[in-house]
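**Student:** Got a predicted structure here, sequence first:
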Amino acid sequence: MKKIYWLLGVLFLIACRPSTDCTDDDCLFEKALELQDSSFCSQIQNDIVQRSCQTEVAIQNQDIKTCITLGSGTCIASIAELQGDQEVCLMIGEQKLHDQCLITVAGKVETSDACRQVIGFETRDECYKIMAKQLNSTDECFFIRETTIRDGCIFRQAESLTDSNQCFYIDSEIMKANCYYRLAKATGKQQICDNIEFSFLKRDCKNDVDPLT
């Protein structure tokens, strides 16, 4: 009787096994991706290829549970990007990948909200700088902790927006002066030069600006 049950079990497994003419790992990998069916991955002999196959299919199916089972932060990050969901990035344990996932999602959904969840200070500053450029705004610059990077972000966006009012928020006096100088030349407005604290630069600015007609 036990033998009959054993034979029935084998027949059941054979019947449930996905039908394929594949005889090698590469073919099984391709079949799994084509049908989005991870059962083909389990037939792959090479452990590394099998894991890669399971990861790719999990991404295709946006199967976060499988990503977690595999312990693959890259898998989770890929799904977060597909879904544009910063909350998915928070499931990643490895900090560098966690932070990069948030930056990618921020760019995809075009909002700096995800930058707040970035753990590394330098990476968080980079996230806000990237979003300031993408959104063509100075608002994101003010969240940057490192003064030099914040000043550079404001300077760049002030030029991009042709808005000399933004120069006021730059901490470095020499960079602020250069910001006013550049905007005065770009707009042809000599009165912008009056905002420069350094008398010699203010003079040069006014001499160098050709008023626009």
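**Tutor:** Received, thanks. Because the structure is predicted, anything quoted here is derived from the model rather than measured.
**Student:** Grab the most central residue of this structure for me.
**Tutor:** Centroid-nearest residue in the chain: residue 104, 1.4 Å away (criterion: Cα atoms, centre = their mean).
**Student:** residues contacting it?
**Tutor:** Contact analysis of residue 104 by Cβ atoms under 8 Å, 6 or more residues apart in numbering lists 77, 80-81. C-betas here are computed from N, CA, C, even on glycine.
**Student:** try residue 143
**Tutor:** Residue 143 touches 112, 115, 124, 128, counting by Cβ under 8 Å, 6+ apart.
**Student:** so which of the residues you listed comes closest to residue 189?
**Tutor:** Closest approach to residue 189 among the contacts of residue 143 (Cβ to Cβ): residue 128, at 29.3 Å.
**Student:** quick one: the closest one and residue 47, what's the gap?
**Tutor:** Using Cβ to Cβ, to the nearest Å, we find residue 128 at a distance of 41 Å from residue 47.
**Student:** where do the strands sit along the chain?
**Tutor:** With DSSP state E as the criterion, the chain has no strands.
**Student:** where does it dip in pLDDT?
**Tutor:** Within the chain, the set of residues satisfying pLDDT under 70 comprises 1-20, 211-213.
**Student:** give me the number of residues near the nearest residue to residue 175 once chain neighbours are set aside?
**Tutor:** Distances taken as Cβ to Cβ, 6 or more residues apart in numbering place residue 151 nearest to residue 175, at 5.2 Å, with adjacent residues excluded. Using other Cβ atoms under 10 Å, residue 151 is surrounded by 21 other residues.
**Student:** List the contacts of residue 151.
**Tutor:** Residue 151 neighbours (Cβ under 8 Å, 6+ apart): 170-172, 175-176.
**Student:** ok, it to residue 47 distance?
**Tutor:** Relative to residue 47, and taking Cβ to Cβ, residue 151 is found at 51 Å.
**Student:** ok, back up a step: so which of the contacts of residue 151 sit within helices?
**Tutor:** 175-176 (DSSP state H).
**Student:** Select only the buried ones of the contacts of residue 151 in ChimeraX?
**Tutor:** In ChimeraX, this line selects whichever of these come out buried by 16 or more other Cβ atoms under 10 Å:
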select :170,176
